[in-house]
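Trainee: Build me a model from this:
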Amino acid sequence: MQHIMDNSPKKTILRVESIDYLRGLAALSILAYHMHLFTFGEVDSSSMLGKLKIYGVSIFYILSGITLYIVYANRLYLNKSDLIGFYIKRFFRLVPLLWLATILTLIFQYNPEIMTLKKIVLNVTIIPGAIRPEGFIASGAWSIGNEIFFYLFFPFIIYLGRINKAFIYMSLLLSFVALYYFAFYILDPNVALGAQWSNYVNPLGQIFYFFTGIALGSIGGLVPRKNIITGILILVFSALFYTYQVFGEPVQLVTGLNKMILSFYITVICFLFYKFDFESFNEYLKDVLQFFGNISYSLYLLHPITYGIVGSLLGFFAIKSSIALITLTVVFSILFAWLSYVYFEKFFIKLGKKYHDKAILKFK
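Mentor: Below is the predicted model:
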């Protein structure tokens, strides 16, 4: 495991690489789904891509909850310096790339009927978009709006959980009630998911996954690592997720009992990855997995834009090849995501840490 140093020299926070690995795999699965969607059309709910379309994003939320709990469980308090520092770091981690993806979408995929001035203002100001994430312009940005919404609650959940961990599990229970309500009462299994999109992306219908991650982080230290058993269970639950039978329009994946069962499977898979130690794995394989984990955020937001650019270039040269379109999009998406991570994301992460440290000193 790598080590991430806290601002205090007395505290060391462990970085769990397996979480990065799963985050990278989730980003690749969403990339694969979009290549099919953009090129050939929607997939059926029975396919693995159909399931990953929905639950790849849910995995992001769970991993985010686990990661933030590990980092902040013993160092985030409800005082001015901690709160301002936390939100500064979160802002610089998420918003600059979200703005970049929005600008690139406006440049390369501008549609005056959809991208109104009101929507542009919503995308710049961010917080209104966190409440109404269907208004985000960049493809996939609705999930970033959900993340920002979740962050509004996170410091308070951590604070209450430090008083008594029962508060974490109470929050999880309440969020499960919200998940159940959306799955059985808000979303209609007889209406296409696209027609109910604003209800589907409502953060109250998604917050269960983030709170699940917090709860998993809180119990993670109590569960020993047993790699053989954990590895077998990863394969078992991945197979259960893959073979679970759902048919028809994608709305079938997010309603009723299907939603409950598939949510359970990915929750277990995330926890198993969290507790699995890849130390004995081939170093090259770990480097590849870490690479995709590092670039996952840029890869998630930038690949739809890359697809549009590549498609336009191939059209200009009168090249009509789905294989060329998909291959070039994947290659350039990975390249652009790496460049973005190294020269854009890292810059703003460092900038966020700089202003975070200044805020801590100023308000302490």
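Trainee: Give the buried residues for the helix or strand hosting Val288.
Mentor: Assessed by DSSP states H and E, Val288 sits inside helix 283-294. For helix 283-294, a neighbour-count test (16 or more other Cβ atoms under 10 Å) marks 286, 289-294 as buried. Every C-beta, even on glycine, is put in place using the N, C-alpha and C of the backbone.
Trainee: Next, the buried residues of the helix or strand following it.
Mentor: Moving toward the C-terminus from helix 283-294, the next helix or strand (DSSP H and E) is helix 296-316. For helix 296-316, burial by neighbour count (16+ other Cβ under 10 Å) applies to 296-311, 314.
Trainee: can you check stretch 342-357 too?
Mentor: For stretch 342-357, burial by neighbour count (16+ other Cβ under 10 Å) applies to 345, 348, 352-353, 356.
Trainee: Tabulate these (CSV), appending distance to Ile168 and secondary structure.
Mentor: Formatted as CSV, those follow (distance: Cβ to Cβ, whole Å; DSSP: H, G, I helix; E, B strand; the rest coil):
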residue, distance to Ile168, secondary structure
Glu345, 30, helix
Phe348, 30, helix
Gly352, 26, helix
Lys353, 27, helix
His356, 25, helix
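Trainee: Return the member of those residues nearest to Leu240.
Mentor: Nearest to Leu240 out of the buried residues of stretch 342-357 is Glu345 (Cβ to Cβ; 34.5 Å).
Trainee: Now do the contacts for the closest one.
Mentor: For Glu345, the contacting residues are 96-97, 297-298, by Cβ atoms under 8 Å, 6 or more residues apart in numbering.
Trainee: 7 Å - rerun?
Mentor: Applying Cβ atoms under 7 Å, 6 or more residues apart in numbering, one finds that Glu345 lies in contact with 97, 297-298.
Trainee: same thing with Ser340?
Mentor: Counting by Cβ under 7 Å, 6+ apart, Ser340 has contacts 97, 298, 302.
Trainee: who does the strand or helix carrying the first one touch, helix- and strand-wise?
Mentor: Which is Leu97. Per DSSP H and E: Leu97 is located in helix 80-108. If you count contacts as 3 or more Cβ pairs under 7 Å, 6 or more residues apart in numbering; DSSP states H and E, helix 80-108 packs onto helix 141-163, helix 296-316, helix 346-363.
Trainee: what's the angle from the shortest one to helix 283-294?
Mentor: This points to helix 346-363. Counting by axes from the mean of the first three to the mean of the last three Cα atoms, to 10 degrees, helix 346-363 lies at 60 degrees to helix 283-294.
Trainee: and helix 346-363 with helix 80-108, angle?
Mentor: Using the same axes, to 10 degrees: helix 346-363 against helix 80-108 is 150 degrees.
Trainee: Please work out which residues outside helix 346-363 touch it.
Mentor: Contacting residues not belonging to helix 346-363 are listed as 7, 80-81, 84-85, 88-89, 91-93, 96 [Cβ under 7 Å, 6+ apart].
Trainee: What of the first one?
Mentor: If you take Cβ under 7 Å, 6+ apart as the criterion, helix 141-163 is touched by 57, 60, 64, 68, 72-73, 76-78, 83, 86, 90, 94, 98, 101-102, 126, 129-131, 133-134, 136, 167-168, 171, 201, 203, 206-207, 210, 214, 218, 301.
Trainee: Look up how far Asn190 lies from Leu361.
Mentor: 57 Å (Cβ to Cβ, to the nearest Å).
Trainee: Next, the distance between the ends of stretch 215-231.
Mentor: Terminal residues of stretch 215-231 lie 22 Å apart, using Cα to Cα, to the nearest Å.
Trainee: in it, what's buried?
Mentor: In stretch 215-231, counting by 16+ other Cβ under 10 Å, buried: 215-218, 220, 230.
Trainee: Make a markdown table out of those residues and add pLDDT and distance to Thr267.
Mentor: Below are these laid out as a markdown table (pLDDT from 0 to 100; distance: Cβ to Cβ, whole Å):
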| residue | pLDDT | distance to Thr267 |
| --- | --- | --- |
| Ala215 | 97 | 9 |
| Leu216 | 97 | 7 |
| Gly217 | 95 | 13 |
| Ser218 | 94 | 14 |
| Gly220 | 87 | 13 |
| Thr230 | 92 | 15 |
